[in-house]
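# Next come a sequence and a model predicted from it.
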Amino acid sequence: AAVKKTPGVTAKQITIGATEPVTGIASAGYNQVAKAANAVFKYVNARGGIYGRKIKYVIKDDCYGTPGFGCTGVPNTATQTHSLLGLPVFATVASLGTPTQDTVRALLKGDGVPQLFVASGSLDWNNPHQYPGLFGWQPSYNEESKIFAKYIKATFPTANVCFLGQGDDFGTDGLAGLIAGGVTPSDEQLYSVGALVTSSGASIAPYIQRFDTDKCTIVVLDSIPGATDAALGAALQLGYSPQWVISSVGSDPQTVDAPFVGKVPTDPEQGAISFSYLPTTTTSSPWIPWIYKVIKADPADFPGFTSSSVLNGDIAYGAAIGVAFVEALKATGKNLTRAGFLHTLQTTVFSQTPSLVPLSYTNSNHQGLNGGYLTTVISDAAQKPITGTVYTTDSSTTGPVTVAKKLSAGIPAWIK
Amino acid sequence: MKIEVVRRRFAVSVALIIIATVVAFLIAPTTHNGVAIAIVLDVAVACVATLTLPGLRSSHPVVARAALSMLGVVVVLFVAFFLPSASDFNLATGAAMSIVLLGLSFLTGASGQISLGNSAFMGVGAFTMAIWANHHATTPIFITLLISVVAGALVGLLLGMPATRLRGPYLAGMTLAFAVAFTAILGEFSSWTGGDSGLQLPSEARPPHWLVSLFHSGASPLTTSTLWLTEISIVVAGVAFFFMANLFASRTGRAMRLIRDNDVAAELVGISLPRARVIAFVVSSAYAALGGALWTLIDNSVSPPTYSFALSVTILSLIVIGGIGTISGALIGGIIYAYSTNVISWIVNQTGLNPQGNFASQLNGIIFGGLLILTMLFAPLGIAGAVRHFWHRARNRSSG
Amino acid sequence: MDAFLTSRIIADVLGGLTNGVIYGMVALSLVLIWRSTGVLNFAQGAMPMFATYVGFALLSYHFGYWACAVAALIVGLAVGGLTERLVVRGLYGKPEINPIVVMVGFLIVLEAVAAAIWSSFPRSLPSPFSSIDWQLGGHPVSLSPFTVYEIGASIVVMLLVAALFRFTNLGLQLRASALAPEVSRLLGVRVGRLLTLGWMLSTAVGVVTTILVSSNFFTGLTPQVNDGIFAFGFIAAAVGGLESPVGAIVAGVSLGIILQFVQDYLNSNAQIIVALVVLIVALMVRPNGVFTKSSLRRV
Amino acid sequence: MSPGTELPLLALEHVSVHFEGLRALDDVSFDVSSGEIVGLIGPNGAGKTTAFNVACGFVKPNEGHVHYPTAKKSNLRPNQLVHAGVARTLQGVGLFPHCSVLENVMAGGHLRPSGGFFASFLSLPIEVRSERALRSDALAMLERLNIADMATRLPSAIPYGIAKKVSVARALMSEPTLLMLDEPASGLDEAELDDFARLIVELRSSMGVLLVEHDMEFVMPLVNRLVVLNFGQVIASGSPSEVREDEAVIEAYLGVAE
Amino acid sequence: MIAIDNLSVSFGAVQALRDVTFRAETGQITAVLGANGAGKTTLLRTVSGLKEPKSGTIAMDGQALVHRKTEDIARMGVGHVPEGRGVIGEFTVEENLRLGAMTAKVNLKSGLEEQYDQFPVLGERRKQHAAKLSGGERQMLAMARALIAKPSVLLLDEPSLGLAPLVTAQLMHTIRSLCETNDLTVILVEQNASSALRIAHRAVVLHVGHVVANDEASVVAGDENLRQYYLGLVE
Ligand SMILES: Nc1ncnc2c1ncn2[C@@H]1O[C@H](COP(=O)(O)OP(=O)(O)OP(=O)(O)O)[C@@H](O)[C@H]1O
Ligand SMILES: Nc1ncnc2c1ncn2[C@@H]1O[C@H](COP(=O)(O)OP(=O)(O)OP(=O)(O)O)[C@@H](O)[C@H]1O
Ligand SMILES: [Mg+2]
Ligand SMILES: [Mg+2]
């Protein structure tokens, strides 16, 4: 039958792409996300692919557009996205960053290319009316903060809460979520990423100093790992030890506190409260050994990774997105078109992926995961769930935080 | 020039133009729009006819420059029709970059002032474009481009005035500080500039419909969204090249070389140093702003980190490798910008390096930086200078 | 004055001093190279970064902090010397832009190579002193053993360099080699060796700064560790005048303190903007830097 | 026309210049009129170059004034000199090293009317025409000085004596009424000197000439008038023969006549 | 003594010196004369090692100088006052002199005093930047800086350039007496042939790189042909 050709799809191959900070200041940690997703694709390819098609994942460096010399000659996100379009690609998957992906929304929409599982918790990805092909993946900053708020209210009812967030929607959405959840910080500050880059972490210190003077007992951080480090360092320096509540984006125990190793006896992040929508390495989730297996099978991208290596948050994150994508492909069936794929995505509940709650979209909701559990950092390599109760909510101001009813199931048989 | 020569040339050209038009429509159905190809081929023939008129260069240099620029434009346009669309897009960004490079070639090459701030001048154009379009979506796109250029020129004036008193390293220091501070300045005006997320062009801020449809092929959706951008960028770059060639060959251009060579003697022939230096700054920043504004148009959006200091370094590298102080150097630099990433990933493929590996991902920097060093050490006038050198050598050898 | 305000001002001055000595050191190493070889070294951040990585690679062989620091200094001397011999040699007497461009290229290469070898992931350098502030009546005083070490080490290096130029024949020869290599050789000055020496010394000064910066709590060692401070250091050098080691130090420290107040009372974003304004104003008044003696143009 | 009957081209009136406590010029007055060649001489460090620089606006006088009476201007900045009809050569040759000899000479006509920046940018007819005229005038000037065959060479590739001529050609392109020459004879051999002296005498008919020079054999037969400086003060002025006999001048400068 | 044998030097296609042979004896002034571009400066630069010769030898008291580094030649006692003065403008007068004395290992203090006696202007201006000196003052500084190192060979490239007649005469006198009392070997390059011939013992005349005369100064001064064709001394 004469089927209209789907761009990026042949009988043998599906080409997809992503833009990522492979080099430059933002690359540390984040450059592992797409690699880990690719490890999953290679694993699946080695088992015959999906309906005979192997996944070819093309990762382009957009340097996150961060200032610094590490990025000389690297074109910006739009240029790199264009070069992906020229391949062509079936979709972009797990491209990273809020501002970067914002700039290519219209471009991808114009060409009808799905922009899947953007690696960012912004609310920008949930706009199916205007961008029908655009899908987020992780819980929004807003949702996460609402779950924090519920916990803070219940556990520390008299605490003096202060807030430090990044000066874009990461910080502002996070703050809004906190307030929507009933916790109004007594002091709220936003830092600028630009200043972080030009004047190193020291620019965070004044905020922490201020919280110390104001006697804040809880400090909520909506920060990237570098800024988390700076905040923890500044507090250490001042001899100030509030209860930290750190968003999942900036709390990965292994990424955080690289500067402290060998300088202080105990990891300053220990005891901090965070949030996870993926099973932590301390739990008995079957996904953890599975991800180890997949990553070990990819020595090209993860040289030296063994069973005793630390599975950091970025790797787990990438692997989880990889699984989500192959699951969705599998569910779409042999006849792969963009329309068919998007339809499947919006009508299926994917419960066999590593995330704690099933991944489900509808034609009016493209946000992605909507729940997880609270964790506490127990060492410089691990965090563990506080109670293990998985909460769920939505991004609205009124939507309540409830205990999740449906949890993800185990590993699908076909990739076991 | 003999009148018969002109007349004969004219007749031959008309004949060729008719043939070219027919050819254009013959190949049109398999590729793109016939009208566009026909125009391109016809102009090419006309330009070649003009350029081959004997003695044109010395008697009518302006006409020669115009014909050469136009020929360059139509040749690239023609090539663009047949390029895969992604390369097409690279061509558009490269064309815009070459405009920026022209400005720097003039400033640093001709007038001898070092600038590390051209990324910021570009940013001024890019953001003016986006901000204006967001507030006045109905302004025709070419007017918005012009407004951006004017904004760039004004900022150039503002920064150029203190800069005229500075020498070498101090000038480098001031322009560097401006480039580094630029993203922070954008941050201070985040209600205008969209903060860290930047701005999108509103959908109304597109070119007139007829222009898009002229280059519409219907072949793939990608082409509709980019081919016209490529065409616009190339045409604008052609115009920019023409004017810059004028400037280089003119009294003003000579004045710039004079102040670079010997400022005391230049003053004594009546050149006002501050004025000349400011003019160079203004021209350079206006050109940079034009390039930046085109980038906004091409990307359909603008985000602050694009215009960080790293871009200034890229700009400087490109013009040095291309050939500073030359016009062709800007062209070469633009082409390098357009295709260097492709070349580097090709190298990665050929060498069998793991493309996600540490080394492969840093190859860009290693190659770029290495080229920069080697160029300066062994061919300080860049590729353009080296080519010219070998050309002269070859000619001298063959003539005697 | 109320006590809170006083303590805030003291904290700002001390914090600014800590940053300021670092800016001053970067400025100083730029001045060193400028005065001794007439080159504006854009790789002044990257060369010591590289040397520090190499020196501290010894950590994995269980060497201590001081051993690594000494190793890094030695590697720094070598990196500086080799750079001068292999990269910079062909550039003397060329138009100003040539060395600038080459050193920008070198910077790009070094950062890329460092990232290729050691990755961009921050690496922790151990620190011999605690960074935890001393407390005074329950309030931190913005001063810790580490900051004292930082300021002390910087002051020692600064004094050494200033003395080198001010009082020694070696300093005079270094300057002469930069200003007039041919004439210097006619006077028996071993210009080649001195140029090399100038680069070695300034890279070593850079290594000291890099170690200080990357063993504090905030950054760790990354290939880009010096990018941010380079910009401020360069601004300080231009404000003070590239001819003047004392100017570099004074300008660096003042800039550090001013910017600390800016950060405290405005925001950190505004720091670089204020630095730009300071630079423009300073250069408007004295185009060759505040501390350079004006030299009249001879016709 | 005879000198002195009309306004002078250049007049220094009671000019003093101090450098950090040093009086480089102390109440110096002299003038130069059309049709005469005035020599400025004096021991090293007497203030000759400084007087020159004051006249050109490179140095501001601490006291006194510099007038250009015929042009009705005073205290000009260097780049305004040409407007007042003053052209100056620099000590050494002061050519533009990366521009051809022809371009060097064309530079001298920089101030001729042309359409300004936009005319350059747009290549307006006015620009094209004025450039064409400038080029042919510059070539004519080179012809006049018998150095037209050097037109396309770079300054580094021509002999020193010729380079000096080129610098004069450049000065003449602005059609000056006053020509100021700083040590024009230094570095020329004696045959070239003769040539040069002849050129200056020829120029006198259409302009005034002020020159600083140490070579007395060159200066004495050439000038109409000498002004002698010592320690920043005018110690003598007058015709060469008068000055040659002046006791103060002999003691301070010339040494015992041989 | 400086012995130069069959020295040829070229700049690419331009041959600046061809087969030049002569001796500059100890305790004598050897004047090197010739028109512009004759190769005089090139000769001195080659002796100092600033320019590699194409062929030929240069020896100083039997030691070969060719292929040695400039700084080593300087340390062997060759003082060179370059064309165009060559003082370091950014240095003060005293720093310039200090630099001159540095490598020669002579007593700085007495050296300075000696030079300040000889050139009193320099003493007055010791703290002034050399760039701010007048043309002639700079020339004096350059001389003083070479002399302070107590060289055994002195190469002077147009020392009278820009000096007032009185000073030129004094300078020539000084050079002559230094040469005779200290057994100095002087090679004096002069454009100004008559004043050079007046003090020189011997004279070498160069013409487009060739030696056209090499004789007692008085003989050269008396040779009508030489005077007219090569030295441009027209009566
Ligand atoms: N910028 C300055 N600062 C300080 N002193 C200066 C400056 N410029 C010149 N002088 C001094 O002023 C005096 C006059 O200098 P000037 O250059 O005018 O002398 P001159 O007559 O041209 O001498 P020469 O014949 O040697 O060139 C000199 O003693 C010189 O040292
Ligand atoms: N760097 C150079 N490159 C090319 N040619 C040169 C160079 N230096 C000198 N020459 C040429 O070598 C020849 C001799 O020059 P040199 O400077 O030695 O002459 P000179 O006798 O000292 O003349 P002057 O009296 O002008 O100082 C000249 O023809 C000159 O053009
Ligand atoms: Mg003088
Ligand atoms: Mg000479």
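Yep, it's here. No experiment lies behind these values; they were computed from the predicted model shown. Ligands and ions are numbered 1, 2, ... in the order given.
# Run a quick neighbour tally on the closest residue to ligand 4 within the stretch 201-350 of chain B.
When scored by Cβ to the ion, the stretch 201-350 of chain B has B:Asn262 as its residue closest to ligand 4, at 21.0 Å. Heads up, the C-betas are built off the backbone N, CA and C, glycines and all. By other Cβ atoms under 10 Å in any protein chain shown, 21 other residues sit near B:Asn262.
# who's in contact with it?
D:Gly94, D:Leu95, D:Phe96, D:Pro97 (Cβ atoms under 8 Å, 6 or more residues apart in numbering or on different chains).
# next one: B:Cys47
B:Ala67, B:Leu68, B:Met70, B:Leu71, B:Val74.
# Return the residues of chain D in contact with ligand 2.
D:Tyr160 (Cβ under 6 Å from any ligand atom).
# So what touches the helix or strand of chain D with the lowest mean pLDDT?
Within chain D, no helix or strand scores below strand D:73-74, which has a mean of 76 by mean pLDDT, DSSP states H and E. Residues from elsewhere that reach strand D:73-74 (Cβ under 8 Å, 6+ apart): D:His65, D:Val66, D:His67, D:Tyr68, D:Gln80, D:His83, D:Ala84.
# what number of residues lie near whatever residue of the stretch 1-150 of chain B ends up closest to ligand 2?
Nearest residue of the stretch 1-150 of chain B to ligand 2: B:Gly112, at 22.5 Å (Cβ to the nearest ligand atom). For B:Gly112, the neighbour count with other Cβ under 10 Å is 23.
# got the residues of chain E near ligand 4?
E:Thr41, E:Glu83 (Cβ under 5 Å from the ion).
# Could you give the residue of chain E that lies closest to chain C?
When scored by Cβ to the nearest Cβ, chain E has E:Thr103 as its residue closest to chain C, at 3.3 Å.
# mind checking which helix or strand the closest residue in space to that residue that isn't next to it in sequence is in?
In space, and not counting its chain neighbours, E:Thr103 is closest to C:Gly188: 3.3 Å by Cβ to Cβ, 6 or more residues apart in numbering or on different chains. Assigned by DSSP states H and E, C:Gly188 belongs to neither a helix nor a strand.
# quick one: C:Gly188 and E:Gly77 touch, right?
No. Because the distance of 9.5 Å does not satisfy Cβ atoms under 8 Å, C:Gly188 is recorded as not touching E:Gly77.
# sorry, back to before: make a PyMOL selection of the buried ones in the contacts of B:Cys47.
Per 16 or more other Cβ atoms under 10 Å in any protein chain shown, the buried members of the contacts of B:Cys47 correspond to this PyMOL selection:
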select buried, chain B and resi 67+68+70+71+74
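# so who does the closest residue to E:Leu147 other than its chain neighbours touch?
Distance criterion Cβ to Cβ, 6+ apart; nearest residue to E:Leu147, sequence neighbours excluded, is E:Gln115 at 6.5 Å. Each residue near E:Gln115 by Cβ under 8 Å, 6+ apart is listed here: E:Leu97, E:Leu122, E:Ala144, E:Leu147, E:Ile148.
# In the helix or strand where the third one lies, which residues are buried?
For E:Ala144, the element it lies in under DSSP H and E is helix E:135-147. Residues E:135-147 are the ones in helix E:135-147 that count as buried (16+ other Cβ under 10 Å).
# Closest one of those residues to chain B?
Using Cβ to the nearest Cβ, these come closest to chain B at E:Gly135, 15.2 Å.
# ok so, going back, if you count contacts, what does the helix holding E:Ala144 end up packed against?
Judged by 3 or more Cβ pairs under 8 Å, 6 or more residues apart in numbering or on different chains; DSSP states H and E, helix E:135-147 is in contact with strand E:78-81, helix E:93-102, helix E:108-118, helix E:120-124, strand E:153-157, helix E:165-181.
# could you say what helices and strands the one helix or strand B:Ser361 maps to packs with?
Here B:Ser361, judged by DSSP H and E, is contained in helix B:358-378. Judged by 3+ Cβ pairs under 8 Å, 6+ apart, helix B:358-378 is in contact with helix B:309-322, helix B:327-351, helix C:97-118.
# So between C:Gly188 and E:Gly77, which is more surrounded?
Set side by side, C:Gly188 and E:Gly77 show more neighbours around C:Gly188, with 26 against 18, by other Cβ under 10 Å.
# Angles on the backbone of that one, please.
Main-chain dihedrals, C:Gly188, degrees, to the nearest 10: phi 90, psi 10.
# show me what contacts it?
Counted by Cβ under 8 Å, 6+ apart, C:Gly188 has contacts E:Glu71, E:Ala74, E:Arg75, E:Met102, E:Thr103, E:Ala104, E:Ala149.
# pretty sure the second one is in contact with E:Thr103, am I right?
Yes. Between E:Ala74 and E:Thr103 there is a contact at 6.8 Å, judged by Cβ under 8 Å.
# which residues of chain C fall in strands?
C:135-136, C:139-140 (DSSP state E).
# residues in contact with D:Gln91?
C:Val299, D:Thr49, D:Asp182, D:Glu183, D:Ser186, E:Gly135.
# can you list the residues of chain E near chain C?
Within reach of chain C by Cβ under 8 Å from any Cβ of the partner chain, chain E has these residues: E:48, E:50, E:69-71, E:74-75, E:80, E:82, E:86-91, E:95, E:98-100, E:102-104, E:129, E:131-132, E:145, E:149.
# ok, 7 Å please
Contact residues, chain E versus chain C (Cβ under 7 Å from any Cβ of the partner chain): E:48, E:50, E:70-71, E:74-75, E:80, E:82, E:86, E:88, E:90, E:95, E:98-100, E:102-104, E:129, E:131-132.
# From the residues you listed, list the buried ones, please.
E:48, E:50, E:70-71, E:74-75, E:80, E:82, E:86, E:88, E:90, E:95, E:98-100, E:102-104, E:129, E:132.
# Quick check: buried residues in stretch C:22-40?
For stretch C:22-40, a neighbour-count test (16+ other Cβ under 10 Å) marks C:22-40 as buried.
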